[in-house]
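**Student:** pasting a predicted model and its sequence here:
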Amino acid sequence: MRAVAQVIAEPEVVVRNDKEVRIRIPNESHTLGNLITKLASRKKGVTALYMVEHPLRQVLWITIRTDGSVDPYEVLLETIDEAINYLNQFVRELEEGK
């Protein structure tokens with residue numbers, strides 16, 4: 001089985017406090033932003049959004065805000081793990097011919 005893996009170019013945490021985390025990721029686009037924000041938004045007390053600075057620059061910004069009942073940085077880490085697990089399961093099913 002092949003694991004889903006790609007190196008993301010130098011993500012930078014720009015804002016991190018009790019209710020918000022904002023990260024900047026160069027050389028990424030809507031694909032990663034949409035995946036992370038959709039998964040994060042499913043969690044109770046969480047609002048997530050993303051934007052791409054400009055199509056030619058490909059700099060992705062992801063913001064996760066919470067109502068304070070959960071740590072936004074932990075939400076980000078859990079969401080990344082969830083996305084990795086989801087994609088690895090997808091690869092397994094493709095390889096099994098499902």
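**Tutor:** Here it is on my side, so go on. This structure is a prediction, so every number in the text was calculated from the model and none was measured.
**Student:** got a pLDDT number for the residue nearest in space to the middle of the chain?
**Tutor:** Taking CA atoms, centre = their mean, the centroid of the chain lies closest to I36, which sits 3.0 Å from it. pLDDT, I36: 97.
**Student:** quickly find the element holding it.
**Tutor:** Using DSSP states H and E, I36 sits in helix 30-41.
**Student:** hey, C-alpha coordinates of that helix in PDB?
**Tutor:** Extracted C-alpha coordinates of helix 30-41, given in PDB (Å, rounded to 0.1, in the frame of the first residue of the first chain):
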ATOM      1  CA  HIS A  30      -7.900  25.600  -3.100                       C
ATOM      2  CA  THR A  31      -7.500  21.800  -2.900                       C
ATOM      3  CA  LEU A  32      -5.800  21.700   0.500                       C
ATOM      4  CA  GLY A  33      -7.700  24.700   1.800                       C
ATOM      5  CA  ASN A  34     -11.100  23.200   0.900                       C
ATOM      6  CA  LEU A  35     -10.300  19.800   2.400                       C
ATOM      7  CA  ILE A  36      -9.000  21.200   5.700                       C
ATOM      8  CA  THR A  37     -11.700  23.800   6.200                       C
ATOM      9  CA  LYS A  38     -14.600  21.400   5.300                       C
ATOM     10  CA  LEU A  39     -13.400  18.800   7.800                       C
ATOM     11  CA  ALA A  40     -12.700  21.300  10.500                       C
ATOM     12  CA  SER A  41     -16.100  23.000  10.100                       C
END
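**Student:** the following helix or strand past that helix - contacts with which helices or strands?
**Tutor:** Helices and strands here follow DSSP H and E; after helix 30-41, the next one along the chain is strand 46-52. Counting contacts by 3 or more CB pairs under 8 Å, 6 or more residues apart in numbering; DSSP states H and E, strand 46-52 is packed against helix 30-41, strand 59-66, helix 72-96. Using the backbone N, CA and C atoms, a C-beta is placed for each residue, glycine as well.
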